[in-house]
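Trainee: Test case, fold it:
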Amino acid sequence: MSEKTVPNAVKFFIGGSAGMLATCCVQPLDLIKNRMQLSGTKSSTVSVISSIIKNEGILAMYSGLSAGLLRQATYTTTRLGIYTWLFEIVSKDGQPSFIKKTGLGMFSGCIGAFIGTPAEVALIRMTADGRLPADEKRNYKNVFNALFRITREEGVLALWRGAIPTMGRAMVVNGAQLASYSQAKQFLLDTGYFKENITLHFASSMISGLVTTAASMPVDIAKTRIQNMKMTKTGKPEYTGAIDVLTKVIRNEGLFALWTGFLPYYARLGPHTVLTFILLEQMTSLYKLHIA
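Mentor: Presented below is the predicted three-dimensional model:
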């Protein structure tokens, strides 16, 4: 991940572009994962897909794409830009330890999540809209319409609803994802069977995706339900916070409900991790080769 000849502004641009291109490929999987987490019942991936296509049409699989792209433009641009920038600094004294990599990942993820939370809120709502009764649908036209209406109808602070669990999730995701990617890459190189090429990037990112999925799903479920919650009939919010969500899920649905949607989540996060890191590495190499 050494980028000594790449300016910081280019690192941020490459990071965001890689994330946005990857999102175009995996948006349907993000939609399925969100629907499963919000359902509150046990449902298979196949039944969720069949229901979406039957009731909303095939194009509904890309509901919320504009929010997904804005999320990558804000969140991923920030997290990968900050991580590669800081990684270069700490690497001047030699390969950083796994603890340092994890710390860098958690810090960059936390900052990126705060900046990306408004797009995250819009994404959750847009992907969940199709499962609501007709009189409860929000019917946002696009991410900018969603952000405008949320601000007008609920106040500007509603754009950062669930910011704490979102930042917590991002710290877990990035601490696991970025550190495990760097560590896996270093380990595979040390075996002598891999060289610095796309095969190495693919293998490292697949390992990273699996580690990240297992570690981050409980926090992701808490974040998803908080951002999509509505007020109860008594005028109180459905959940008081992330701990309340996790407690109610475990009590009402069982411990393993915290990993509801594991397959679509990994099917989304795995390829997204692979595509993001491969695109990041390839775009950086092309920049060094043709521009730097």
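
Trainee: how close does the residue sitting furthest away from the middle of the chain sit to residue 113?
Mentor: Note on the chain: the largest C-alpha distance from the chain mean falls to residue 234, namely 33.1 Å (CA atoms, centre = their mean). For residue 234, the distance to residue 113 (CB to CB, to the nearest Å) stands at 31 Å. From N, CA and C alone the C-beta is placed, and that goes for glycine too.

Trainee: next one: residue 264
Mentor: The spacing between residue 264 and residue 113, counted by CB to CB, is 21 Å.

Trainee: Where do the strands of the stretch 101-250 of the chain begin and end?
Mentor: Counting by DSSP state E, counting those that start in this stretch, one finds no strands in the stretch 101-250 of the chain.

Trainee: What segments of it are helices?
Mentor: Taking DSSP state H, counting those that start in this stretch to define them, one finds helices in the stretch 101-250 of the chain at 143-154, 163-191, 198-228, 242-253.

Trainee: Could you dump those helices into TSV with mean neighbour count and mean pLDDT added?
Mentor: Formatted as TSV, the helices of the stretch 101-250 of the chain follow (neighbours: other CB atoms under 10 Å; pLDDT from 0 to 100):
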stretch	mean neighbour count	mean pLDDT
helix 143-154	16	93
helix 163-191	21	88
helix 198-228	21	86
helix 242-253	16	88
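
Trainee: Residue 76 is nearest to which of the ones you listed?
Mentor: Between residue 76 and the helices of the stretch 101-250 of the chain, the tightest spacing by CB to CB is seen for helix 163-191, at 10.1 Å.

Trainee: more neighbours, residue 264 and residue 113?
Mentor: The residue with the greater number of neighbours, taking residue 264 and residue 113 and applying other CB atoms under 10 Å, is residue 113; the counts read 27 against 23.

Trainee: List the contacts of the closest residue to the more buried one other than its chain neighbours.
Mentor: What sits nearest to residue 113 in space, not counting adjacent residues and going by CB to CB, 6 or more residues apart in numbering, is residue 170, at 3.4 Å. Remark: with contacts taken as CB atoms under 8 Å, 6 or more residues apart in numbering, residue 170 is in contact with 75, 79, 109, 110, 112, 113.

Trainee: where are the low-confidence patches of the chain?
Mentor: Within the chain, the stretches falling below the threshold (pLDDT under 70) are 1-5, 40-41, 292.

Trainee: Quickly note the distance from the residue nearest to residue 113 to residue 273.
Mentor: As defined by CB to CB, residue 170 lies at a distance of 14 Å from residue 273.

Trainee: If you count neighbours, what's buried in stretch 56-71?
Mentor: 60, 61, 63, 64, 65, 66, 67, 68, 69, 70, 71 (16 or more other CB atoms under 10 Å).

Trainee: send the alpha carbons of that stretch over as PDB?
Mentor: As requested, the backbone C-alpha atoms of stretch 56-71 are provided in PDB (Å, rounded to 0.1, in the frame of the first residue of the first chain):
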ATOM      1  CA  GLU A  56     -41.600  -4.200  -7.500                       C
ATOM      2  CA  GLY A  57     -40.000  -5.300 -10.700                       C
ATOM      3  CA  ILE A  58     -36.400  -6.200 -11.700                       C
ATOM      4  CA  LEU A  59     -35.200  -2.600 -11.700                       C
ATOM      5  CA  ALA A  60     -36.100  -2.300  -8.000                       C
ATOM      6  CA  MET A  61     -33.000  -4.300  -7.300                       C
ATOM      7  CA  TYR A  62     -31.100  -1.100  -7.900                       C
ATOM      8  CA  SER A  63     -33.300   1.000  -5.600                       C
ATOM      9  CA  GLY A  64     -31.200   3.500  -3.700                       C
ATOM     10  CA  LEU A  65     -28.200   3.400  -6.200                       C
ATOM     11  CA  SER A  66     -27.800   7.200  -6.200                       C
ATOM     12  CA  ALA A  67     -27.600   7.100  -2.300                       C
ATOM     13  CA  GLY A  68     -25.100   4.200  -2.600                       C
ATOM     14  CA  LEU A  69     -22.900   6.200  -4.900                       C
ATOM     15  CA  LEU A  70     -23.100   9.400  -2.800                       C
ATOM     16  CA  ARG A  71     -22.200   7.200   0.200                       C
END
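
Trainee: Many thanks, I have nothing further to ask.
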